[in-house]
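[1] Kindly generate the corresponding structure for this input.
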Amino acid sequence: MPPGLHLGRLRLDLGDPSSASACGARVQRTSYRGRVPHAPTDPVPDPSASAPATGRTSSSTPAPATGRTPSSTPAPATGSAPGSGGLPTTGSAAVPTLSSRLAWRPSQPPPSGSGPAPWTGTVQDAVGLLRGRRVTALTGAGVSTDSGIPDYRGPDSPPRNPMTYQQFVQDEAFRRHYWARNHVGWQHVHRTHPNAGHRALARLEDAGVLVGLITQNVDLLHEDAGSRNVIDLHGRYDRVICLQCGRVVSREHLAERLTELNPGFIESVTEVGDVEIAPDADAVIEQTSHFRPAPCEFCGGVLKPEIVYFGENVPRERVERAYAMVDAADALLVAGSSLTVMSGLRFVRHAAKDGKPVVIVNRGATRGDPLATLKVEAGTTETLTTLAEALTA
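    Below is the predicted model:
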């Protein structure tokens, strides 16, 4: 945790909601950034995965999914030539064919034990595998941790039970509690900025290496770093939508209304000290029963962040655009995602089914590991920076 960001009994779940127009459907993003607080299961839960947690107050933690066991395990490569990026060799030359590259795995065998294990390698292995190919990137919360936004399922992340879409829309108390926490957390979003990993992906796009980017994050840091062809799979937290009339307003405009409705609320919960940043764009506050949420100013309906909640479907048009982006590339690069939910994992399955190389960069196991051509067990910032330097040289 960054120094000076801890508040005893208060934990803030931040993002960085940006501003847009004060009201109406046309919105211009300014600087809000936020982490999607509810990991979605769109469109259909994977039968191999355990049921998601359904409430923040539950003490149970869902069992991790184990992924799909491959029918066969390719034999590891036994040698590589200098400058080949770790690719297997025949004599002194690297194997050049597409089929041999897809069959290749680095020379470190999977550990013994039950369940599938990925074949792991280095960033130089990834350079050798991706060089000369057009790449689509799929990013998760791990890409933004070096910007000060914690991830969900990293090795040091605490267990979380996010609020579900059903709880939000069906229970007024849940909505009041959510907006109270979010209102406090939103005040600190200006602290997040793109890191070197975000900038590396933008550089790869500028060089024509990266076809585009699918992100599970809602923090808008990829756009802030200069990426242009971005699909915000789970939405973006600079917008709020009315569930009744469909009007969209900026998150900044809503913050102004919530402050007017709840004078002194932020000061009452933050006066005891600093805060701890967490990914849900809210704050753990014991007393929220007196908080007054804001209804839609046009029809009086329920307002909801324009993001995909846990248990809510990603819009079909957005999913189809993401599939098309994967199809347009020769390889898929996954960075900073555990691929626990189907909304991201399906693109790994799609690429693998089409015989495209899949490179996963992540600290810790992912559900996509059995499908990966290469797993790089490392931080995303340094790995993406090295990839950008090598692939754009």
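[2] Residue ranges in the chain under the pLDDT threshold?
    1-118, 151-161, 187-190, 270-286 (pLDDT under 70).
[3] hey, which strand is longest across it?
    strand 235-242 (DSSP state E).
[4] And it, what does it pack against?
    Packing partners of strand 235-242 (3 or more CB pairs under 8 Å, 6 or more residues apart in numbering; DSSP states H and E): strand 15-17, strand 248-250, helix 251-261, strand 303-307. Quick note: C-beta positions are derived from backbone N, CA and C, even for glycine.
[5] And the ones you listed: which comes nearest residue 198?
    Across these, residue 198 has its closest neighbour in strand 15-17 (12.7 Å, CB to CB).
[6] ok, back up a step: deepest of the helices and strands packed on strand 235-242, which one?
    strand 15-17 (a mean of 32; mean count of other CB atoms under 10 Å).
[7] mind listing the helices for this protein?
    All helices of the chain, identified by DSSP state H, fall at 98-103, 123-130, 165-170, 172-186, 196-206, 221-225, 251-261, 265-270, 316-327, 342-353, 380-391.
[8] Among those helices, which comes closest to residue 241?
    helix 251-261 (10.7 Å).
[9] Now do that closest one: which elements does it pack against?
    Counting by 3+ CB pairs under 8 Å, 6+ apart, helix 251-261 packs on strand 15-17, helix 172-186, strand 235-242.
[10] swap the cut-off to 7 Å and go again
    Contact partners of helix 251-261 among helices and strands, from 3 or more CB pairs under 7 Å, 6 or more residues apart in numbering; DSSP states H and E: helix 172-186, strand 235-242.
[11] now the angle between helix 251-261 and the shortest one, please.
    In other words, strand 235-242. 50 degrees (axes from the mean of the first three to the mean of the last three CA atoms, to 10 degrees).
[12] Sheet partners, orientation included, of strand 235-242?
    strand 248-250 (antiparallel), strand 303-307 (antiparallel) (DSSP bridges).
[13] and those strands as CSV, adding distance to residue 220?
    As requested, the strands paired with strand 235-242 are arranged in CSV below (distance: least, CB to CB, whole Å):
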stretch, distance to residue 220
strand 248-250, 13
strand 303-307, 11
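[14] closest one to residue 194 among the ones you listed?
    strand 303-307 (19.4 Å).
[15] which residues are in contact with the closest one?
    With contact meaning CB atoms under 7 Å, 6 or more residues apart in numbering, strand 303-307 is reached by 36, 168, 218, 234-237, 239-243, 248, 254, 294-296.
[16] sorry, back to before: which of the helices of the chain sits closest to residue 336?
    helix 380-391 (4.4 Å).
[17] Which strands and helices lie in contact with the closest one?
    Taking 3+ CB pairs under 7 Å, 6+ apart as contact, the helices and strands that helix 380-391 lies on are helix 123-130, helix 196-206.
[18] Is it correct that residue 384 is in contact with residue 198?
    No: contact criterion CB atoms under 7 Å: residue 384 and residue 198 do not qualify, at 8.3 Å.
[19] who wins for proximity to residue 287 among the helices and strands packed on helix 380-391?
    That would be helix 196-206 among the helices and strands packed on helix 380-391, by CB to CB, at 37.1 Å.
[20] buried stuff in the closest one?
    Residues 196-205 are the ones in helix 196-206 that count as buried (16 or more other CB atoms under 10 Å).
[21] picking up where we left off before, can you flag the buried ones in the contacts of strand 303-307?
    Taking 16+ other CB under 10 Å as the criterion, what is buried in these is 36, 168, 218, 234-237, 239-242, 248, 254, 294, 296.
[22] Quick one: residues contacting the closest residue to residue 224 other than its chain neighbours.
    Nearest non-adjacent residue to residue 224, counting by CB to CB, 6 or more residues apart in numbering: residue 194, 5.0 Å away. Taking CB under 7 Å, 6+ apart, we find residue 194 in contact with 147, 221, 224-225.
[23] need these in JSON lines with neighbour count and distance to residue 304, can you?
    Formatted as JSON lines, the contacts of residue 194 follow (neighbours: other CB atoms under 10 Å; distance: CB to CB, whole Å):
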{"residue": "147", "neighbour count": "21", "distance to residue 304": "25"}
{"residue": "221", "neighbour count": "25", "distance to residue 304": "22"}
{"residue": "224", "neighbour count": "20", "distance to residue 304": "24"}
{"residue": "225", "neighbour count": "21", "distance to residue 304": "27"}
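[24] Of those, which is the nearest to residue 181?
    Residue 181 lies nearest to residue 147 out of those, by CB to CB, at 20.8 Å.
[25] In stretch 347-356, which of the residues would be classed as buried?
    347-352, 356.
[26] any residues touching it, and which ones?
    By CB under 7 Å, 6+ apart, stretch 347-356 touches 102, 138, 214, 322-323, 326, 330-332, 334, 339, 358, 368, 371.
[27] want to try a markdown table for those, with neighbour count as columns?
    Listed next are the contacts of stretch 347-356 as a markdown table, based on neighbours: other CB atoms under 10 Å:
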| residue | neighbour count |
| --- | --- |
| 102 | 16 |
| 138 | 28 |
| 214 | 26 |
| 322 | 22 |
| 323 | 14 |
| 326 | 21 |
| 330 | 15 |
| 331 | 24 |
| 332 | 29 |
| 334 | 31 |
| 339 | 28 |
| 358 | 24 |
| 368 | 28 |
| 371 | 24 |
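[28] Which of those fall in strands?
    Taking DSSP E, the ones among the contacts of stretch 347-356 that sit in strands are 138, 214, 331-332, 334, 358.
[29] Quick check: closest non-adjacent residue to residue 204.
    residue 210 (4.0 Å).
[30] Could you report the neighbour count for the residue lying closest to residue 392 once chain neighbours are set aside?
    Spatial nearest neighbour of residue 392, chain neighbours left out: residue 207 (4.2 Å); criterion: CB to CB, 6+ apart. Using other CB atoms under 10 Å, residue 207 is surrounded by 12 other residues.
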